[in-house]
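Colleague: prediction below, plus the sequence it came from.
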Amino acid sequence: VKLGMVRSIGLSNFNMEQVQRVIQCSSSKPVVNQVEVWPGFLQKDLVDYCRYNGIVVTAYSPFGQPNRENHSPTYFFSEGMKRLVKKYKKTSGQIV
């Protein structure tokens, strides 16, 4: 960054402790942390910490992993969701 070869630093899958270490040990604060966040896995403390420190959080897998066995968020396939999909003529992803 100091040499002008890099404009900004981004992180991926860093937890709160790791983000803290980067902030403490680096002269350049990261601008983004890409982490897994979806309605069933909010990581609220991490997201709040990043926001407080001016770090944008981008969501990896914002709808969970509905096509992976044992990783399907059940709300995508619930009866309530089916009713909303039908009522609003939207996909479950659009409703979420």
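Modeller: All right, it came through fine. Numbers count the residues shown, from 1 in each chain.

Colleague: just give me how far stretch 32-46 sits from the chain centre.
Modeller: Centroid separation for stretch 32-46 versus its chain: 4 Å, with CA atoms, centre = their mean, to the nearest Å.

Colleague: contacts for that stretch?
Modeller: 8, 10-16, 19, 47, 50, 55-64, 73, 75, 96 (CB atoms under 8 Å, 6 or more residues apart in numbering). Every C-beta, even on glycine, is put in place using the N, C-alpha and C of the backbone.

Colleague: filter the residues you listed down to the buried ones.
Modeller: The neighbour-count test (16 or more other CB atoms under 10 Å) marks Leu11, Phe14, Val19, Val47, Cys50, Ile55, Val57, Phe63, Gly64, Pro73, Tyr75, Val96 as buried among the contacts of stretch 32-46.

Colleague: hmm, Val96 and Val85 touching each other?
Modeller: No - counting by CB atoms under 8 Å, Val85 does not reach Val96; the two are 10.6 Å apart.

Colleague: from Glu79, how far out is Ile9?
Modeller: According to CB to CB, to the nearest Å, Ile9 stands 45 Å off from Glu79.

Colleague: which one of these two is surrounded by more residues?
Modeller: More crowded of Ile9 and Glu79, by other CB atoms under 10 Å: Ile9, with 14 against 7.
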